[in-house]
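Enquirer: coordinates only, sequence not included:
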C-alpha cells in the first residue's frame, strides 16, 4: 500500500505542476502573440506559436493525468493510464513538426530578412525567457520530470521554448547593435535542432513503452538473478517485463519450483519474490508456479508461435 500511496502523491504533484504551468504559459502566449503583431516581429510571432505548442502539450498532459485517474473496468482492465503515453507520443511528434516548421521559416528569413522592431522584440523576449525559466522551475521542483514520460515531454517543450527566448534575445541584440538581420533565422535554426532532438527522444521512449519494451530503468539480468536466488526456485521462463505507464512497471513469468514444496511454502516463495521485485521498481507481479512435471519451454522469453501450434 505504501508504494501506491507514494505513486498517488507523485501523480498529484505532477498534475498540480502541469496545471500551474499550463495557466502561466497560455496567458503569456497570448501576450507574446499580441506583442509580435504590434512590433511586427516574426520572431516573436513564431515564438508565440512555439508557446502555443507548449500550451497544447501541457493541456494534453493535464488531460492525460485526469483520464489516467479513471478506474479500471471490464473494457479497460488497466484503466486509462496508457493515455499518458499516447499524450507523450503526441507531444514528441509535435516537437518534431515544430522543428521542421522553424527550419522552413528560417530558410525564408535568410533569403528575405523581415523588418523587425528590435527594441520591442528584445523586451518581450526577455519577459518570455523569465516566464519560461519560472515554468521550468515549477515542473522540476514539483513534478517528476525524470521518470514520468508525459511530464518530461511537457518539460522539454518548455525548455525548447526557453532556448527560443534566448535565441530571440541574442538576435534582437545583434540587430540593434550591428544590424545583422540574418541573426534572427540563425538563432531559429539552432533552436530547431535542439527541439528536433528533444522530440525524437520523447517519441522514441513513448513508442518503446507502447511496444511493451523492457523499461529503461530495469536491468533484466538482475531481475532474473533476484528471482532464481530465492530458495526453492529452480528456474524462470516465459518472462515478460513492461511498463503500464511511466513509473508503473509490470512483470509476468513462469517459475519452476521444487515439486516437494507445500502450498504454503510456494506462497511464501511468491511473497518473497514480490517483495524483492518491488525494491527493483516492479510493483505489478504475476507469477505462475510450476514443478518439473509440468511441461514447459526451456526458453527464457515466451515463444508465442510455438505455443499456438501446441494449442
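Expert: Nice, I can see it. The structure presented is a predicted model; accordingly, all values stated were derived computationally and were not measured.

Enquirer: okay, CA-based contacts and neighbour counts for the rest of this
Expert: Will do.

Enquirer: which one's the longest helix in the chain?
Expert: Across the chain, the helix with the greatest residue count (assigned by DSSP state H) is helix 2-39.

Enquirer: any idea of the mean pLDDT in that helix?
Expert: Helix 2-39 carries an average pLDDT of 75.

Enquirer: How far off centre is that helix?
Expert: What separates the centre of helix 2-39 from the centre of its chain is 15 Å, taken as CA atoms, centre = their mean, to the nearest Å.

Enquirer: So which elements touch it?
Expert: For helix 2-39, the helices and strands in contact under the criterion 3 or more CA pairs under 8 Å, 6 or more residues apart in numbering; DSSP states H and E are helix 42-68, helix 118-142.

Enquirer: Next secondary structure element downstream of the longest one?
Expert: Which is helix 42-68. Following helix 42-68 in sequence order, the next helix or strand is helix 83-111 (DSSP states H and E).

Enquirer: Could I get the buried residue list for that next one?
Expert: Neighbour counts over helix 83-111 (16 or more other CA atoms under 10 Å) mark 83-100, 102-103, 105-107, 109 as buried.

Enquirer: Which strands and helices lie in contact with that helix?
Expert: Using 3+ CA pairs under 8 Å, 6+ apart as the test, helix 83-111 ends up in contact with helix 42-68, helix 149-178, helix 183-210.

Enquirer: let's see it at 10 Å
Expert: helix 42-68, helix 149-178, helix 183-210, strand 233-245 (3 or more CA pairs under 10 Å, 6 or more residues apart in numbering; DSSP states H and E).

Enquirer: Same list (the helices and strands packed on helix 2-39) but as CSV, adding mean pLDDT, distance to residue 218 and mean neighbour count.
Expert: Converted to CSV, these look like this (pLDDT from 0 to 100; distance: least, CA to CA, whole Å; neighbours: other CA atoms under 10 Å):
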stretch, mean pLDDT, distance to residue 218, mean neighbour count
helix 42-68, 75, 23, 23
helix 118-142, 87, 23, 19
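
Enquirer: Of all those helices, which one is nearest residue 26?
Expert: The closest of the helices and strands packed on helix 2-39 to residue 26 is helix 42-68. By CA to CA, the value is 5.5 Å.

Enquirer: Could I get the helices and strands packed on helix 2-39 in JSON lines, plus columns for distance to residue 194?
Expert: Formatted as JSON lines, the entries for those read as follows, by distance: least, CA to CA, whole Å:
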{"stretch": "helix 42-68", "distance to residue 194": "13"}
{"stretch": "helix 118-142", "distance to residue 194": "16"}
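
Enquirer: which one of those helices lies closest to residue 169?
Expert: Distances from residue 169 to each of the helices and strands packed on helix 2-39 were compared using CA to CA; the shortest belongs to helix 118-142, at 5.5 Å.

Enquirer: got the angle for the closest one vs helix 42-68?
Expert: With axes from the mean of the first three to the mean of the last three CA atoms, to 10 degrees defining the directions, helix 118-142 sits at 20 degrees from helix 42-68.

Enquirer: residue contacts, residue 136?
Expert: When contacts are counted by CA atoms under 10 Å, 6 or more residues apart in numbering, residue 136 is found next to 17, 21, 130, 143, 154-159, 162.

Enquirer: sorry, back to before: lowest average pLDDT across the helices and strands packed on helix 83-111?
Expert: Lowest mean pLDDT within those: helix 42-68, at a mean of 75.

Enquirer: Could you list every helix and strand in contact with that one?
Expert: Checking 3+ CA pairs under 10 Å, 6+ apart, helix 42-68 ends up next to helix 2-39, helix 83-111, helix 118-142, helix 149-178, helix 183-210.

Enquirer: Now with 7 Å, please.
Expert: If contacts are counted by 3 or more CA pairs under 7 Å, 6 or more residues apart in numbering; DSSP states H and E, helix 42-68 sits against helix 2-39, helix 83-111, helix 149-178.

Enquirer: Could you find which two of the contacts of residue 136 are furthest from each other?
Expert: Checked with CA to CA, the contacts of residue 136 reach their widest spread between 130 and 143, with 19.3 Å between them.

Enquirer: Output the helices and strands packed on helix 83-111 as CSV; include the columns distance to residue 280.
Expert: As requested, the helices and strands packed on helix 83-111 are arranged in CSV below (distance: least, CA to CA, whole Å):
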stretch, distance to residue 280
helix 42-68, 24
helix 149-178, 19
helix 183-210, 18
strand 233-245, 12
